[in-house]
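Trainee: Show me how the following folds:
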Amino acid sequence: MKTCCYCGSQVIQGHKGKYYCDFCEMVIDSSSLCENSERKEIPIRKIYFDVNYNKTTPELMTLSTFELIQLLQHARAYRTTCWDDWQTVKKIAKASKKDETMQQELVEQAIKNAKEHYELYQYATRKMFVFENLLCERLGYIPKRVSRSYIEKYEDLMEEKKRSSMRVNPFHI
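Mentor: Residues are numbered from 1 along each chain as shown. Take a look at the predicted model:
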């Protein structure tokens, strides 16, 4: 029996692979249907940071909450690395400016290098803000710390949800 993926009610078949749920009062595509009031299967995928990090915000909006949590964890670590690198290069640039024996070209290169590292840090910070705000829209809060145990607990909750169905027992007297 084809059922609605949101409420578990039986759906009415329309045309062109579309179905209608009376309870939700909406049209549902055949790809979103469930069978026998079981919950919709949400795949638990490990996300690849390098592939997904530079996606646009609209592209990131299509990812699951679980994927965004994983990306936020990596983005925060990457931002910290960018900050540390920028601080190191900035110190070198400051020292180069003070050293009167250093050639002007080397000083300019050190300053340029510091600026490039700052731009990487700035980009990493803005990207982290995107992940945080997308998660805030979905969760209602921004996770303070995304540790391995946080991700494992979230994964366990997703697995637990899969085991429960949306069946409502029929009325009996």
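Trainee: count of residues packed around Ala124?
Mentor: 21 (other Cβ atoms under 10 Å). C-beta coordinates here come from the backbone N, C-alpha and C atoms, glycine included.
Trainee: ditto for Arg79
Mentor: Arg79, neighbours per other Cβ under 10 Å, totals 20.
Trainee: what does the one 4 residues further on give?
Mentor: Applying other Cβ under 10 Å, we find 16 other residues in the vicinity of Trp83.
Trainee: and it, backbone torsions?
Mentor: Torsion angles at Trp83 (phi, psi; degrees, to the nearest 10) stand at phi -60, psi -50.
Trainee: So for it, what's the nearest residue that isn't a sequence neighbour?
Mentor: In this structure, Trp83 finds its nearest non-sequential neighbour in Tyr121, 5.6 Å apart by Cβ to Cβ, 6 or more residues apart in numbering.
Trainee: residues touching that neighbour, list them.
Mentor: Arg79, Cys82, Trp83, Asp85, Trp86 (Cβ atoms under 8 Å, 6 or more residues apart in numbering).
Trainee: Surely the second one touches Leu120?
Mentor: Yes: because the distance of 5.0 Å satisfies Cβ atoms under 8 Å, Cys82 is recorded as touching Leu120.
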